[in-house]
Each structure stands twice: as structure tokens, then as C-alpha cells.
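what shape does this take:
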Amino acid sequence: MNAPAAPPPGNGPHAGAGTPELLTPASLAQITIGLVSTSDRASTGVYVDKGLPALRDWLGRALKNPLQLHERLVPDEQAKIEAALRELVEAGCALILTTGGTGPALRDVTPEATLAVADRVMPGFGEQMRQISLNFVPTAILSRQVAVIRGQCLILNLPGQPKSIAETLEGLKATEASGAVPARAAVPGIFAAVPYCIDLIGGPYLQTDPAVCPAFRPKSAVRSQQQPS
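Numbering: from 1, shown residues only. Here you go, the predicted model:
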């Protein structure tokens, strides 16, 4: 069964008029996003965290909306991760991205912390993340990333490496065979489904840059974009 179309916006120049609301760069809503990097060593200064800068850079390229980012660097302790997630939801985040702590090691507890704060679980995101990563390493099956909804916020666990973060969010483009390297079909990234998911839970309208990550919405949920003159 297809997911229902998101309800039309409650404001804007065309709300309730039966025509799509026109979007301009100035009319795009500011999006509040939480970023959480979990690492014992980075949180104590043993090495420089690379997860938060990678998330910040990717979102800046992928989203056209103005962004307000709330960042947290926490150790691999479930109670502290849970507290950070709850705090960010209370701060009004429509989306929270975590990085790190999703493997089978004893200190990897990000999925447990995420599930502990969940109202609902969205298993398709984790399934697709592992499908993408399996194109590169067989150990992708050891990843335990989950996605959940808490209130009107979508929370996604991502890998810890910057390269893997981008691959997971963007997906893989199709490639042709070259020598001994076989052809590869395109694999959609998980972020393509994020804007519509946030629509459905009553969040703000996210507009992506299709050159980085085209978002998918049913036609009835798409708002027209007015091109600058």
C-alpha cells in the first residue's frame, strides 16, 4: 500500500486554493537539525571528531533550506546519547542525524539509545543503509543502524566514516563496466525519502538540491518551485 500524500500546507499564498504553493528561496522554511557524534576518544579530545564536520558539509550541499544546526559530541554511553536525543527533540529539531557507535563492539550503543527514545521504528532506512554499504564491504552486515520517530522528529543513525556517511545519504550512481570492473546499477540513498517522511509527521518542507540528492515525493505532495527571474 502506498503511503498517503502529506496534507497540503496550512499557510502560504496558495494554501487551500487547489494549486501548488510556489516556493522561492526566500520562502523556504528554516530547518532545525540535530547532529550527534558518538565517540569515547573524540569526546575526550584524544582525536579530532570527523563525523560532525562531514554531516555539516553534506547538509549544506544537499539542502536549499536555511539551516539551524545543533551539534553534540558525546561518549559511547547510552544514557548520555539518550539525553542528547531527547534534548534535541525538545529543541524543535525536525531531523536528527547520529554518526558512530552502530557496530557490534561492546561500547557501540547508539542503536540502543535511539530505540529507547522512539515512539515508532522505521526499519526501511536501516535496511537500505546496509544494502548500500554491501556494495563496498561484506562487513556491512555487522552495522546496526536504526531509524525512529520521536514526536515530530525523524532520527537516523549513520556510519562513522565521512565517506560512508555521504554514500549512505546520497546512494550510488549507475556505472558502466570498465575492464575487469563490472557495471553497477544505481542504488538510491536514504535521504531521498527523508523530506516526504518529515512531511508525513507534520514537519517543515525540505527542498533538496537534485544534483546532490533528488528527493522523492508523490506528485500530490510536491510544491512548485518558482525559478528566480
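
average model confidence for stretch 54-70?
Here stretch 54-70 scores 97 as its mean pLDDT.

which residue is most remote from the mean position of the protein?
In the chain, Gly179 marks the outermost C-alpha relative to the chain mean, sitting 35.0 Å out by CA atoms, centre = their mean.

check contacts around that residue.
Neighbour list for Gly179: empty [criterion: CB atoms under 8 Å, 6 or more residues apart in numbering]. (Each C-beta comes from the backbone N, C-alpha and C, glycine too.)

run through who's touching the helix or strand bottoming out on mean pLDDT in the chain.
Within the chain, no helix or strand scores below strand 187-188, which has a mean of 84 by mean pLDDT, DSSP states H and E. Here strand 187-188 makes contact (CB under 8 Å, 6+ apart) with 128, 131-132, 135, 171-172.

against which helices or strands is the helix or strand just after it packed?
Downstream of strand 187-188, the first helix or strand assigned by DSSP states H and E is helix 194-200. Packing partners of helix 194-200 (3 or more CB pairs under 8 Å, 6 or more residues apart in numbering; DSSP states H and E): strand 153-158.

now do the strand it packs on: distance to the chain's middle.
The chain centre lies 6 Å from the centre of strand 153-158; the measure is CA atoms, centre = their mean, to the nearest Å.

pull it out as PDB, backbone CA atoms only.
Taking C-alpha atoms only, strand 153-158 is exported to PDB below (Å, rounded to 0.1, in the frame of the first residue of the first chain):
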ATOM      1  CA  CYS A 153      11.200  14.300  14.700                       C
ATOM      2  CA  LEU A 154      12.900  11.700  12.500                       C
ATOM      3  CA  ILE A 155      16.100  10.300  14.000                       C
ATOM      4  CA  LEU A 156      18.600   8.400  11.700                       C
ATOM      5  CA  ASN A 157      21.800   6.500  12.700                       C
ATOM      6  CA  LEU A 158      24.600   6.900  10.200                       C
END
